[in-house]
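# Sequence first, predicted coordinates after that:
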Amino acid sequence: MILMTNNQWKYDHNNEKWARLGMDCSADVRSAGLVRAYQQICPDILAVQESSHLMERLIMQSLFEYATPQGERISYKLVTGGDTPIYYRDDKFFPIETGYYLYPEAVPGYEGSFNNARTKSYTFGVFEELSTGKRVIVVSTHLWWKSGNPERFNYQPHSNIARVYQISLAIQKAEELIAKYACPAFIMGDFNAGIDSACMNEVPKLGWTEAHDLCTGERDETKGHHFCAPDGFERGEPGVYHDALDHIIVKNGSATANVGNQLETQILIALVLGGMPISGGAKVRFGNIIVGSLLFYVLYTGLTMIGLSPQTLQLIEGVIFLIFVAVFADRKALKVIK
């Protein structure tokens with residue numbers, strides 16, 4: 001599986017300073033370069049930050065469906081989520097659950113606004129591979145950008161604490177999903193924090209690992225970051241990994257006592273589809289469970305593959321359950337306990 005994260009820089013139009021330098025920073029130009037990179041790398045799941053509606057539209061026009069030089073047909077869909085959406089290959093995966101969270105402006109116990117532009121957030125998706133049924137959790141996030149160093153031009157007190165607070169919120173959500181689905185989780189994005197920062201020092205304390213440290217093969221030791229701002233673009237030296245601000249952290253999920261939480265509705269639907277009476281009793285057969293599970297899997301997979309959102313899927317599941325209970329429930333066998 002190929003995972004990728006990229007801060008696209010939310011800036012849609014060219015300006016005079018770029019034009020005087022003979023450059024164009026508009027979304028039309030930059031999106032074309034990004035698409036070339038995405039198609040060359042061909043990530044299975046791509047987490048982006050600082051994405052605009054215009055940039056999303058331009059990129060999806062090219063990534064919606066295309067053919068590789070080898071003739072392979074590849075297509076992407078988008079999990080929308082403010083400035084931190086996720087692109088995924090819908091020819092290989094479908095989303096089981098998705099969501100978006102805007103970090104609060106305030107950090108408990110500290111003065112200041114740490115999301116005044118309302119761009120710092122996380123978007124998550126739980127994806128299932130069509131060919132194997134394996135699942136993976138991906139979280140795209142962008143943390144507070146100002147510096148905690150008083151000597152920097154963009155200094156704001158308590159900024160380091162704000163990033164620790166925000167990453168802890170993203171990790172908390174990822175942990176909930178791990179407990180529910182028992183699969184690996186990746187949090188990717190622009191952390192605005194170096195390796196020795198308070199934010200990245202908090203990561204291992206919470207049981208997560210920087211993906212760079214897990215790599216057993218060839219790994220890039222540069223930071224891959226170049227200065228890009230309204231004043232112009234500067235292609236400097238790649239720098240060293242130690243100074244990188246963008247990261248991928250990972251935790252390998254495993255079965256816990258909480259696995260299966262919030263799956264009660266799906267289980268009940270499978271049981272009623274298999275013909276198991278709601279009232280239980282002597283009419284219950286093990287075959288009902290097998291038949292119901294198979295029918296539910298076919299139903300769920302079919303509805304997902306036609307492109308329904310997770311929220312629509314949940315609505316349809318609830319309606320199906322109510323219909324089956326209303327039509328097939330053995331009312332004579334039911335008892336009301338007062």
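Thanks, I have the structure now. Just so it is clear, the model here is predicted, and its values are computed rather than measured.

# which residues of the stretch 151-300 of the chain fall in helices?
159-181, 198-205, 211-214, 264-273, 286-305 (DSSP state H, counting those that start in this stretch).

# who wins for proximity to residue 120 among those helices?
Evaluated over these, closeness to residue 120 peaks at helix 159-181, with 6.6 Å, by CB to CB. For every residue, glycine as well, the C-beta is placed using N, CA and C.

# Give the other helices and strands that that closest one contacts.
Packing contacts for helix 159-181, counted by 3 or more CB pairs under 8 Å, 6 or more residues apart in numbering; DSSP states H and E, involve strand 93-102, strand 121-129, strand 135-142, strand 185-190, helix 198-205, strand 246-251.

# Residue 67 contacts residue 74, doesn't it?
Yes: counting by CB atoms under 8 Å, residue 67 does reach residue 74; the two are 7.4 Å apart.

# So for these two, which residue has more residues nearby?
Each of residue 67 and residue 74 has its neighbours counted (other CB atoms under 10 Å); residue 74 has more, 16 against 9.

# Beta-bridge partners for the more buried one, please?
residue 66 (DSSP bridges).

# From residue 4, how far out is it?
14 Å (CB to CB, to the nearest Å).

# next one: residue 113
31 Å.

# Tell me which of the two has more neighbours.
residue 4 (17 against 13).

# who's in contact with the more buried one?
38, 41, 43, 45-47, 188 (CB atoms under 8 Å, 6 or more residues apart in numbering).

# Now it: closest residue in space, sequence neighbours ignored.
Spatial nearest neighbour of residue 4, chain neighbours left out: residue 43 (3.7 Å); criterion: CB to CB, 6 or more residues apart in numbering.

# how many neighbours does the one you found have?
Here the number of neighbours of residue 43 (other CB under 10 Å) works out to 19.

# do the same with residue 173
If you count neighbours by other CB under 10 Å, residue 173 ends up with 18.

# Which one of the helices of the stretch 151-300 of the chain lies nearest to residue 95?
Judging those by CB to CB, what sits closest to residue 95 is helix 286-305, at 8.0 Å.

# Can you point out the buried residues in the host helix or strand of residue 35?
Secondary structure assignment for residue 35, by DSSP states H and E: helix 27-41. For helix 27-41, the neighbour count (16 or more other CB atoms under 10 Å) marks 27, 30-31, 34-35, 38 as buried.

# Now distance to residue 321 and pLDDT too, for these, in TSV please.
Listed next are the buried residues of helix 27-41 as TSV, based on distance: CB to CB, whole Å; pLDDT from 0 to 100:
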residue	distance to residue 321	pLDDT
27	45	93
30	47	90
31	43	94
34	43	93
35	43	94
38	40	95
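
# now, which of those sits nearest residue 250?
Set against residue 250, the nearest of the buried residues of helix 27-41 by CB to CB is residue 38 (21.5 Å).

# quick one: contacts for the closest one?
Taking CB under 8 Å, 6+ apart, one finds 4, 46, 59, 63, 87 in contact with residue 38.

# rerun that using 10 Å as the cut-off
4, 6, 46, 48, 59, 62-63, 76, 87 (CB atoms under 10 Å, 6 or more residues apart in numbering).

# Single out whichever of the contacts of residue 4 has the smallest pLDDT.
Looking at those by pLDDT, the weakest one is residue 41, with 92.

# Of the contacts of residue 4, which is the nearest to residue 133?
Out of the contacts of residue 4, the member with the shortest distance to residue 133 (by CB to CB) is residue 45, at 16.5 Å.

# which SS class is the residue nearest to residue 4?
Classification of residue 43 using DSSP: H, G, I helix; E, B strand; the rest coil returns coil.

# how is this structure carved up into domains?
3-251, 264-328 (automatic domain parsing).

# looking at these, which is buried most?
Among the domains of the chain, ranked by average contacts under mean count of other CB atoms under 10 Å, first place goes to domain 3-251 (a mean of 17).

# I'd like the distance from residue 152 to residue 192, if you could.
12 Å.

# tell me, what's touching these two both at once?
Common neighbours of residue 152 and residue 192 (CB under 10 Å, 6+ apart) are 146, 159.

# picking up where we left off before, would you list the helices and strands packed on helix 159-181 in JSON lines and tack on distance to residue 224?
Formatted as JSON lines, the helices and strands packed on helix 159-181 follow (distance: least, CB to CB, whole Å):
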{"stretch": "strand 93-102", "distance to residue 224": "26"}
{"stretch": "strand 121-129", "distance to residue 224": "22"}
{"stretch": "strand 135-142", "distance to residue 224": "17"}
{"stretch": "strand 185-190", "distance to residue 224": "12"}
{"stretch": "helix 198-205", "distance to residue 224": "17"}
{"stretch": "strand 246-251", "distance to residue 224": "8"}
